[in-house]
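K.L.:
Build me a model:
(chains A and B)
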2 protein chains.
Amino acid sequence: MTTLPGKVAIREVALRDGLQIEKPIPLSAKLELLAAIAATGVREVEVTSFVSPTKVPALADAAELAAELWRYPAIEFSALVASPGGAARAVAAGLRSIEYVVCASDSFSEANVGRSTADATAAIADITAIAHDAGASIEVIIATAWDCPFDGPTPPRRVTDIAESATGFGVDRLAIADTIGTTTPRRVTDLIAAVRPIIGDIPLGAHFHNTRGSGLASAYAAVSAGVTRLDASAGGLGGCPFAPGATGNIATEDLAYLLGDCGIDTGIDLDAAIAAAGVASSVVGHGLPSALLAAGDRRRD
Amino acid sequence: MTTLPGKVAIREVALRDGLQIEKPIPLSAKLELLAAIAATGVREVEVTSFVSPTKVPALADAAELAAELWRYPAIEFSALVASPGGAARAVAAGLRSIEYVVCASDSFSEANVGRSTADATAAIADITAIAHDAGASIEVIIATAWDCPFDGPTPPRRVTDIAESATGFGVDRLAIADTIGTTTPRRVTDLIAAVRPIIGDIPLGAHFHNTRGSGLASAYAAVSAGVTRLDASAGGLGGCPFAPGATGNIATEDLAYLLGDCGIDTGIDLDAAIAAAGVASSVVGHGLPSALLAAGDRRRD
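P.N.:
Down below sits the predicted model:
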């Protein structure tokens, strides 16, 4: 019998991973979405990225948004970066939690950030120093951890090598990401079993997309394997600009429903989360794939 | 470490559970969908129900459809019934596999078939006799096995009582159904653990809806608990006329993708299954929630 954890921390990523491939929306709309997200009780929010504004115009207002975050002292805000320069801008803007993505497949890494996996891994040292010098924490997110749209299945060794390097560089947290939404429970279990022994006591998170419908099944497999940190996005907003066909992070409210129904505390209020999904849909001006947004909580039947 | 089965049998239910709340479509459209389904390699198809044509007008052509099934000798076709009279009509129409639904909650049973769970359970005896006298097999599907839209959570004892009675009456197969799409992996695991010891060697199947996004996670939990028979619907077509807000069986192609990626053989050809989902969408004239229908197999990235 699997022993489930009593608590799982959900990190809300709608404002970053959710919005990055959308048409840019005004700062005021982001603040409206942030207010709805804050009302759910979530304690961690990936709020923006400090990357090239020409590559990701939807997040070009990162510094302006960062200036508003003091309104929510109970939330730990993080920002994603792709380079030491981005990390420096993030900490200068006041962020105290930095995420740095390393793509486990070379082709995706080249397409995403214009350098190889090895070069991106080497940069962990500088980025960790910038974060730590500013009193910020640093998390390395290993992208295309299971599959790459160009290279096919990612050999687990490429993931464990990055994890080992990141651990050596002294990062504070690690996460493995199913960037294109193709993995399934068995491979999730296997990769966690491969990564976990390498990284000592470093907290391990996981990030899933629901592109092939398996996102929540994979998330549950991760939790069953001991992962207690999961990313999710209000309404299932999101995708990846470099992964053709990829649509939709797992939806925060659907994940919170599943985990809550399994007796796992996420701290998320479901009604507020469904409301936040509605706001997410409203600010982007289109429908979202969230199941609970369509069907409601089971109490509403 | 969970030991996964090497094979799982998927029963395709688009033609019955999928179509029953749709506007009636012509027999020719059903035959078009059936041809597409047959091309997927699936070996079991729930093809219609023999119930009141005024309550379920979309399936009023059950006998006419049954007359066409000789075209697919490799497929085991089943039909759902709600009474001994329905069972008699099904076997008279040539069906050799009958499914009889017993709702585990009284309120749902009353709403669905106008009688209590106890009365519906007692009728298993007559229906089993009708099936067996005709050389047909009989499966009892226990509906609202986890939750009822009217009565709330279903006490597991109500499910195990039906399972025990059905076993005593000599049924050939049993299944537990999440009729309104509210269950999640932990409760799936628990209910299977409660039912399995009671029913001896009788094969146990499971039926999930994806109404709250948890359908595939629940299906994987069932498989991890030893269930090797799962219902699914092309494109995720389906719902339940008596469960407000309920939409969508788990999609055959999404389930086949997940199981196949976990190394489990379903015998389903993914390309053909995605094509069948497209036909399902076409014959009903609206979009369907299938993930693979939108994103494609991962080979297409």
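K.L.:
Get me the contact residues on the stretch 1-150 of chain A for chain B.
P.N.:
With CB under 8 Å from any CB of the partner chain as the criterion, the stretch 1-150 of chain A meets chain B at residues A:1, A:2, A:4, A:147, A:149. Bear in mind the C-beta positions are built from the backbone N, C-alpha and C, glycine included.
K.L.:
same check, this time on the stretch 151-300 of chain A
P.N.:
When proximity is defined by CB under 8 Å from any CB, the stretch 151-300 of chain A lies next to chain B at A:180-187, A:189, A:210-214, A:216-217, A:219-221, A:243-247, A:251, A:254, A:257-258, A:261-263, A:290-292, A:294-296, A:298, A:300.
K.L.:
Quick one, which of these are buried?
P.N.:
The neighbour count (16 or more other CB atoms under 10 Å in any protein chain shown) marks A:180-187, A:189, A:210-214, A:216-217, A:219-221, A:243, A:245-247, A:251, A:254, A:257-258, A:261-262, A:290-292, A:294-296, A:298 as buried among these.
K.L.:
Can you flag which of those belong to helices?
P.N.:
For those, the ones inside helices are A:185-187, A:189, A:216-217, A:219-221, A:254, A:257-258, A:261, A:291-292, A:294-295, with DSSP state H as the criterion.
K.L.:
Return the set of buried residues in stretch A:130-140.
P.N.:
The neighbour-count check on stretch A:130-140 (16+ other CB under 10 Å) flags A:130, A:131, A:132, A:134, A:136, A:137, A:138, A:139, A:140 as buried.
K.L.:
which one among those gets closest to residue A:70?
P.N.:
Nearest to residue A:70 among those is residue A:136, at 15.8 Å by CB to CB.
K.L.:
Not counting residues beside it along the chain, what's closest to the closest one?
P.N.:
Spatial nearest neighbour of residue A:136, chain neighbours left out: residue A:96 (4.6 Å); criterion: CB to CB, 6 or more residues apart in numbering or on different chains.
K.L.:
Contact partners for the one you found?
P.N.:
Neighbouring residues of residue A:96 by CB atoms under 8 Å, 6 or more residues apart in numbering or on different chains: A:76, A:77, A:134, A:135, A:136, A:137.
K.L.:
With just CA atoms, put the host helix or strand of the second one into PDB.
P.N.:
With the criterion set as DSSP states H and E, the secondary-structure element containing residue A:77 is strand A:76-81. Listed next in PDB are the C-alpha coordinates belonging to strand A:76-81 (Å, rounded to 0.1, in the frame of the first residue of the first chain):
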ATOM      1  CA  GLU A  76       6.500  33.300  -1.600                       C
ATOM      2  CA  PHE A  77       6.900  34.700  -5.100                       C
ATOM      3  CA  SER A  78       9.400  33.200  -7.500                       C
ATOM      4  CA  ALA A  79      10.500  34.200 -11.000                       C
ATOM      5  CA  LEU A  80      12.000  32.100 -13.700                       C
ATOM      6  CA  VAL A  81      15.300  33.100 -15.400                       C
END
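K.L.:
hmm, who's touching that strand?
P.N.:
Residues lying outside strand A:76-81 but in contact with it, judged by CB under 8 Å, 6+ apart, are A:11, A:16, A:43-51, A:62, A:66, A:69, A:87, A:89-90, A:93, A:95-101, A:127, A:139, A:141.
K.L.:
Sort out for me which of the residues you listed are in helices.
P.N.:
A:62, A:66, A:87, A:89, A:90, A:127.
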